[in-house]
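K.L.:
Quick one: sequence plus predicted model below, questions after.
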Amino acid sequence: QKEVEQDPGPLSVPEGAIVSLNCTYSNSAFQYFMWYRQYSRKGPELLMYTYSSGNKEDGRFTAQVDKSSKYISLFIRDSQPSDSATYLCAMRMDTGNQFYFGTGTSLTVIP
Amino acid sequence: DSGVTQTPKHLITATGQRVTLRCSPRSGDLSVYWYQQSLDQGLQFLIHYYNGEERAKGNILERFSAQQFPDLHSELNLSSLELGDSALYFCASSVTSGNTEAFFGQGTRLTVV
């Protein structure tokens, strides 16, 4: 079993829709939870990160962490065609330097 | 532009050969991470260097090695290449060794034929 599981999609939504992206994990030691966005032929870019449980909001993006369920989510409100990309979740423990990535979910927002 | 520079962007080589991938971190960043991204495996952590010292190893094959030089740039050496080594190789950098905010380069696409 992989440490981080992510549905690869692809996910296709109309412009303006609310998008929900999710990851599950198995290691209860993970404390830092990150979401990266990767456009085609580009490197991943950090969207946001949260520490431990709770929610974090940044503009149209909201990250949620439920440590009891080992489940994290990224919500995108009022989705735009420019949001079309692959979204990767990543996690890290308090100690150690290794990031554990999901395989990514491909999202297409149709105008 | 993340500020992390990787060269070359593309590399095509034959099986059994050896290649070197180069990474220049963002100005001021002391940490360099190397990742391999393939279609079926996603982003796999290979190795982490901090200020010239190896800090963590992930799923890095013995045929692969890396180093970080005094000027903080890093090189990833891949030898005895196999078809399965074809992938995107990313370098990321961050200010400290425990920093959550790592910035990725554009990657080197390696094709082994």
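P.N.:
Thanks, I have the structure now.

K.L.:
hang on, residue A:31 is in a helix, isn't it?
P.N.:
No - using DSSP: H, G, I helix; E, B strand; the rest coil, the assignment for residue A:31 is strand, not a helix.

K.L.:
Chain neighbours aside, what residue packs nearest to it?
P.N.:
Closest residue to residue A:31 apart from its sequence neighbours, by Cβ to Cβ, 6 or more residues apart in numbering or on different chains: residue A:94 at 4.7 Å. Backbone N, C-alpha and C define where each C-beta goes, glycine included.

K.L.:
ok, the nearest residue to residue A:11 once chain neighbours are set aside - contacts?
P.N.:
Among residues not flanking residue A:11 along the chain, residue A:107 sits closest, at 4.9 Å (Cβ to Cβ, 6+ apart). When contacts are counted by Cβ atoms under 8 Å, 6 or more residues apart in numbering or on different chains, residue A:107 touches A:9, A:10, A:11, A:12, A:13, A:19, A:21, A:83, A:84, A:85, A:86, A:87.

K.L.:
quick revisit: okay, now the residue nearest to residue A:31: neighbour count?
P.N.:
Residue A:94 is flanked by 11 other residues according to other Cβ atoms under 10 Å in any protein chain shown.

K.L.:
what residues are up against it?
P.N.:
By Cβ under 8 Å, 6+ apart, the residues touching residue A:94 are A:29, A:31, A:32.

K.L.:
Repeat that for residue A:25.
P.N.:
Per Cβ under 8 Å, 6+ apart, neighbours of residue A:25: A:3, A:4, A:5, A:70, A:71, A:72, A:91, A:100.

K.L.:
Would you map the strands across chain A?
P.N.:
Along chain A, counting by DSSP state E, strands occupy A:4-6, A:11-14, A:19-25, A:30-38, A:45-51, A:54-58, A:61-66, A:71-76, A:85-93, A:100-101, A:105-110.

K.L.:
Just put those strands in TSV and tack on mean pLDDT.
P.N.:
Shown next, in TSV, are the strands of chain A (pLDDT from 0 to 100):
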stretch	mean pLDDT
strand A:4-6	92
strand A:11-14	96
strand A:19-25	96
strand A:30-38	94
strand A:45-51	90
strand A:54-58	92
strand A:61-66	96
strand A:71-76	96
strand A:85-93	93
strand A:100-101	90
strand A:105-110	96
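
K.L.:
Redo those strands as JSON lines? Include distance to residue B:60.
P.N.:
Converted to JSON lines, the strands of chain A look like this (distance: least, Cβ to Cβ, whole Å):
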{"stretch": "strand A:4-6", "distance to residue B:60": "19"}
{"stretch": "strand A:11-14", "distance to residue B:60": "32"}
{"stretch": "strand A:19-25", "distance to residue B:60": "22"}
{"stretch": "strand A:30-38", "distance to residue B:60": "21"}
{"stretch": "strand A:45-51", "distance to residue B:60": "23"}
{"stretch": "strand A:54-58", "distance to residue B:60": "32"}
{"stretch": "strand A:61-66", "distance to residue B:60": "29"}
{"stretch": "strand A:71-76", "distance to residue B:60": "27"}
{"stretch": "strand A:85-93", "distance to residue B:60": "18"}
{"stretch": "strand A:100-101", "distance to residue B:60": "15"}
{"stretch": "strand A:105-110", "distance to residue B:60": "26"}
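
K.L.:
what does chain A put close to chain B?
P.N.:
A:6, A:32, A:34, A:36, A:41-46, A:49, A:88, A:90, A:92, A:96-104 (Cβ under 8 Å from any Cβ of the partner chain).

K.L.:
Lovely, talk soon.
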